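Novice: sequence first, predicted model second:
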Amino acid sequence: MAETTVNKPAAKPPSPTIENLKTIFKKLRKNKAAMVGGYLIIFFVIVAIFGPLFTTGSPSAIDPTNRMAPPSADNWFGTDHQGRDIFTRIIHGMSITLYIGFSSVLIGAIVGVFIGLVSGYYGKKVDAILMRCMDVLLAFPGILLALAIVSVLGGSLQNVIIAVGIFSVPMFARIVRGSVLAVRKLEYVDAVRALGASDTRIIFRHVLPNIMSPIIVQATLRMATAILTASGLSFLGLGAQPPTPEWGAMLSAGRNYMWDSPHIALFPGLAIVIVVLAFNIFGDGLRDALDPKTK
């Protein structure tokens, strides 16, 4: 009796599971710098949520009798040119900074991932049109593109988020497109397509979950760029408007007093540097941990 051969559909690459997450965490834990960055990010989030509950007074409270006071037991980071407590303003500004970063990266990721999925999956004319649009956006330096968008929309916190989100779109789109081009030719995608699955189901159920690693890494690294860009726009007066305790605006206000009271600009500047550095080193470590080629 002749044996019948059954052709099984190609196996789908394993999606993230608890075991995979444990493996990723073990690889991440070996990178001490990345762990420090991760702990700092957790600390920043906790401070942003609960920090304002432990500060006394309003971040906008003015005390003309205590202007430009140096750091002391009463004012840990000193006071600014209007007598406002810098420590209180930095703590309240933490939530604003992280809100800008998360919101703008979320906007850029949603739009960019969708464009990259469609472009990479369908290819041909769709790919050519979408990628040429992304090339136009990439032709402008990020800060200049964001500056132009905010100049048109007007200076406000919401417009900064929109501007930073728009200039983040091309990076997500190109990364996702490249990943989709590699995944769409794998056997499990052909098998699912042969079973009659729709393009929408294939894209969002089978392709997207298997390209999440580069998206997560890009989002983490993009947080640092978004925060730095938003602070730069606020420094130029196009972001959060006074008396909002945004770090870039605080740094801009303190630059006029660098010689007499350097602490006014020093502490907001250090806050920006530490947050950006934390996201950068954590993103680098996360990229190594999610890379299947590393052991």
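Specialist: On my side now, so go ahead.

Novice: helices along the protein, start to end?
Specialist: Applying DSSP state H to the chain gives helices spanning 18-29, 32-50, 86-122, 124-138, 142-153, 157-183, 187-194, 199-201, 212-235, 247-254, 263-290.

Novice: so which of those is the most surrounded?
Specialist: Ranked by mean neighbour count, the helices of the chain are led by helix 247-254 with a mean of 24 (mean count of other Cβ atoms under 10 Å). From N, CA and C alone the C-beta is placed, and that goes for glycine too.

Novice: output the below-cut-off pLDDT ranges for the stretch 151-295 of the chain.
Specialist: Confidence mapping of the stretch 151-295 of the chain against pLDDT under 70 gives the ranges 291-295.

Novice: mind putting the helices of the chain into TSV with distance to residue 64?
Specialist: Shown next, in TSV, are those (distance: least, Cβ to Cβ, whole Å):
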stretch	distance to residue 64
helix 18-29	50
helix 32-50	29
helix 86-122	16
helix 124-138	47
helix 142-153	32
helix 157-183	27
helix 187-194	68
helix 199-201	62
helix 212-235	25
helix 247-254	16
helix 263-290	15
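
Novice: so which of those gets nearest residue 79?
Specialist: Of all those, it is helix 86-122 that lies closest to residue 79, at 6.3 Å by Cβ to Cβ.

Novice: which helices and strands sit right next to the closest one?
Specialist: helix 32-50, helix 124-138, helix 157-183, helix 212-235, helix 247-254, helix 263-290 (3 or more Cβ pairs under 8 Å, 6 or more residues apart in numbering; DSSP states H and E).

Novice: save the ones you listed as a markdown table, and put in distance to residue 57 too.
Specialist: Below are the helices and strands packed on helix 86-122 laid out as a markdown table (distance: least, Cβ to Cβ, whole Å):
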| stretch | distance to residue 57 |
| --- | --- |
| helix 32-50 | 17 |
| helix 124-138 | 43 |
| helix 157-183 | 22 |
| helix 212-235 | 23 |
| helix 247-254 | 16 |
| helix 263-290 | 17 |
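
Novice: among the ones you listed, which is nearest residue 86?
Specialist: Set against residue 86 and scored by Cβ to Cβ, the helices and strands packed on helix 86-122 come closest in helix 263-290, at 5.5 Å.

Novice: ok so, going back, right, so of the helices and strands packed on helix 86-122, which gets closest to residue 70?
Specialist: The closest of the helices and strands packed on helix 86-122 to residue 70 is helix 263-290. By Cβ to Cβ, the value is 6.3 Å.

Novice: check which helices and strands the closest one is in contact with.
Specialist: So helix 263-290, by 3+ Cβ pairs under 8 Å, 6+ apart, packs with helix 18-29, helix 32-50, helix 86-122, helix 212-235, helix 247-254.

Novice: how far off centre is the longest one?
Specialist: Spelled out, that is helix 86-122. 5 Å (Cα atoms, centre = their mean, to the nearest Å).

Novice: got the angle for that helix vs helix 157-183?
Specialist: Going by axes from the mean of the first three to the mean of the last three Cα atoms, to 10 degrees, helix 86-122 is angled at 40 degrees with respect to helix 157-183.

Novice: pLDDT on helix 86-122, on average?
Specialist: For helix 86-122, the mean pLDDT works out to 92.

Novice: state the pLDDT value of residue 4.
Specialist: On the pLDDT scale, residue 4 is placed at 45.

Novice: I'd like the distance between the residue sitting nearest the centre point of the chain and residue 212.
Specialist: In the chain, the residue lying closest to the centroid (Cα atoms, centre = their mean) is residue 223, at 2.2 Å. As judged by Cβ to Cβ, to the nearest Å, residue 223 and residue 212 stand 17 Å apart.

Novice: same question for residue 277.
Specialist: Shown here: residue 277 relative to residue 212, a distance of 25 Å by Cβ to Cβ.

Novice: next: residue 24.
Specialist: Per Cβ to Cβ, residue 24 is found 12 Å from residue 212.

Novice: could you do residue 110 as well?
Specialist: Distance, residue 110 to residue 212, using Cβ to Cβ: 14 Å.

Novice: and residue 140, by the same measure?
Specialist: Distance from residue 140 to residue 212, by Cβ to Cβ: 28 Å.

Novice: now do residue 245
Specialist: 35 Å.

Novice: isn't residue 220 up against residue 283?
Specialist: Yes: between residue 220 and residue 283 there is a contact under Cβ atoms under 8 Å: 3.9 Å.
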